[in-house]
Each structure stands twice: as C-alpha cells, then as structure tokens.
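# requesting a structural model of the entry that follows:
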Amino acid sequence: MEDMQKNKRKIDELDAMLSDLRARREQLRDQAEELAGKRNRLNDKADELRTDILRIREQRDSINLEVQQLKVQRTDTRKQIVERIEEVRQLREAINERTAGKPSKDLKMLRKEFENIEWEIQTSSLSLQEERELVEKSRRLETQIKAHEKLQRLRERSEELKTTVGSLKKQSETIHQQLIDKAEKSQQIHERMKETITKLDAIKEQADSLHKSFVKIREEAKPVQGQMAQVADEIRLLREQALVEEKRKKKESEDETRIRMEKQAREKAKRGEKLSVQEFQLLAESGMESQD
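Numbering: from 1, shown residues only. Below you'll find the model as predicted:
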C-alpha cells in the first residue's frame, strides 16, 4: 500500500512538472509566434521599399537619360552657333572687301541708268562709235549691278545668320535651363532613393535581429519538448506499474475472499447446513481443481 502511495505521489509530482513544462512550451511558442509576426511584417515592409527603390531608380534613370539627350542637343546647338558665327564673320569680311574704297552708286540708280542706256541703244539712231560706247557703259553698269546684288545677298544672308544665331542662343539657354532643372530633379530623386535604401537597411537589420531571436526561442523550446516527452514516458511507465500492482492487489483480495468463502462453505457442509448456489459452485470448482 505504501508503494502505491509512493507511486501516486511520484506521478502527481511528474504531472505537475509536465504541466509546468507545457506552460513553458506554450510561453515560448507564443513568443516565437509574436516574433515571427513582427519579422514577417517587417519583411513585407522591406518588399514594399524594394519596389519603391526600383520605381525611384527607374524614374531617376529616365531623367538621367533625358539629361544626356539634352547635353547632346546643347552641344549640337553650340556647335551650330559657332559655325553660324564663323560664317557671319566670313560674310562680314567679304562685305568689307566689296565696299572698300569709294562708295559705289545706289543700286536703284544703277538699275535706272542701265535701263536708260538699254532703251537708248534700242530706240535711238546711233553711230557705231556711240553704240560701242553705250554698250561698254551698259556692260560696266551690269557688272556693278551684279556686284551690288551679290553684296545685297551677302548682307541678307548675314542678317539671316544673325537671326539664326539669336534663335540658337535662346534655344541653347532653354536647353541649359532644362538641364539644370532635370539635374536638380535627378539629384532630389537620388537623395530620396538613398533615404529609402537607408530605411530598407534598417528594417532588414531589425528583421534579421527578430529572426535570430525567433530561432533562439525555437532552440530553447526543443529541450523543453524533450523533457516533456521524457516526463510523459515516465508517467506512462509509473501508471502501467500502478495498474499492474492494482490488478495484483485485486487478485490477492479476490483469492483471499474466495478462500474464506470456501472455508465457510466446507464448514457449513460438514454441519449439514444448506449451501447457497455460490457456495456450492465454490466447492464444486475446488473439487475440480483438486482432481486436476
């Protein structure tokens, strides 16, 4: 009896220990789940930031491409300005050469004089000498007119080039301003991307730290689970032993009762007293066992 009580106390102690271990395991499981939840939320936020970084980088690269294209346009425009200015300089030299010396007559006057001579040659009755002189004079006038027309075209071309240079300079200034604006915008976007990367690094660091804590708690839970299994096996073994002992005790008690009842039945039989069905069966079974 004392052994059974000792066994029961041991089982109760182990049950209490198993309950404590189970509570500790649940506590560690709750902590692990909480850490995993925080870690997963941080990882989701990190994924969002990675998407933002890709979008910002694409935006920055697009603007940088525009900057490169604007630089090409600016270089081309400046080259055109230099070429046009050089052409204007050459035209100015040509104009200066043609206007050097005595100033020639006005183009309008030259044309009028040329037309008059041509009319006179065609309508007047002239001697051969007079006609030759007028033809020679007409030729000189025509040469002067052509020179004047050439000079006028040079001046017109020069003015046209000056206008073009002015337009190109304005275009160059516009492109330069666009370059400045785009470069500033690109820098702003780049700074925003750097800030986002810094946030991402911080979140990754937090997520890594939480994951390490999560793994640590999972490792702490392993020996607890092992102890639980060990204690549960010990409890099972003790309960099996207790059951065996209980059955043994029960059989001993049943055997004692049977022997006592059989003894009583024999005494009653000797005295000639009437036996009960149970007593009769006991004596019958006892006789059969004796024969066996």
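# shaky segments in the stretch 1-150 of the chain?
Counting by pLDDT under 70, the low-confidence segments of the stretch 1-150 of the chain come to 1-4, 98-105.
# show me the helices in it, by range?
2-99, 107-123, 128-271 (DSSP state H, counting those that start in this stretch).
# tell me who's in contact with the residue nearest to E87 when sequence neighbours are not counted.
Nearest residue to E87, sequence neighbours excluded (Cβ to Cβ, 6 or more residues apart in numbering): L161, at 5.7 Å. For glycine as for every other residue, the C-beta is placed from the backbone atoms N, C-alpha and C. Neighbouring residues of L161 by Cβ atoms under 8 Å, 6 or more residues apart in numbering: R84, E87, V88, L91.
# okay if I get those as JSON lines plus distance to Q230 and neighbour count?
Listed next are these as JSON lines, based on distance: Cβ to Cβ, whole Å; neighbours: other Cβ atoms under 10 Å:
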{"residue": "R84", "distance to Q230": "96", "neighbour count": "20"}
{"residue": "E87", "distance to Q230": "100", "neighbour count": "15"}
{"residue": "V88", "distance to Q230": "102", "neighbour count": "18"}
{"residue": "L91", "distance to Q230": "106", "neighbour count": "20"}
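# mind putting those residues in CSV, distance to V277 included?
Formatted as CSV, those follow (distance: Cβ to Cβ, whole Å):
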residue, distance to V277
R84, 140
E87, 144
V88, 146
L91, 150
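# most widely separated two among the residues you listed?
R84 and L91 (10.3 Å; Cβ to Cβ).
# averaged pLDDT, the strand or helix carrying A284. What do you get?
Assigned by DSSP states H and E, A284 belongs to helix 277-291. For helix 277-291, mean pLDDT is 66.
# from the contacts of L161, which is closest to R153?
Nearest to R153 among the contacts of L161, with distances taken as Cβ to Cβ, is L91, at 9.8 Å.
# just checking, that closest one touches R157?
Yes. Between L91 and R157 there is a contact under Cβ atoms under 8 Å: 6.0 Å.
# neighbours of I63, how many?
When neighbours are defined as other Cβ atoms under 10 Å, I63 has 20 of them.
# that one: what's it in contact with?
Contacts of I63 by Cβ under 8 Å, 6+ apart are K182, K185, S186, I189.
# for it, which non-adjacent residue is spatially closest?
S186 (4.5 Å).
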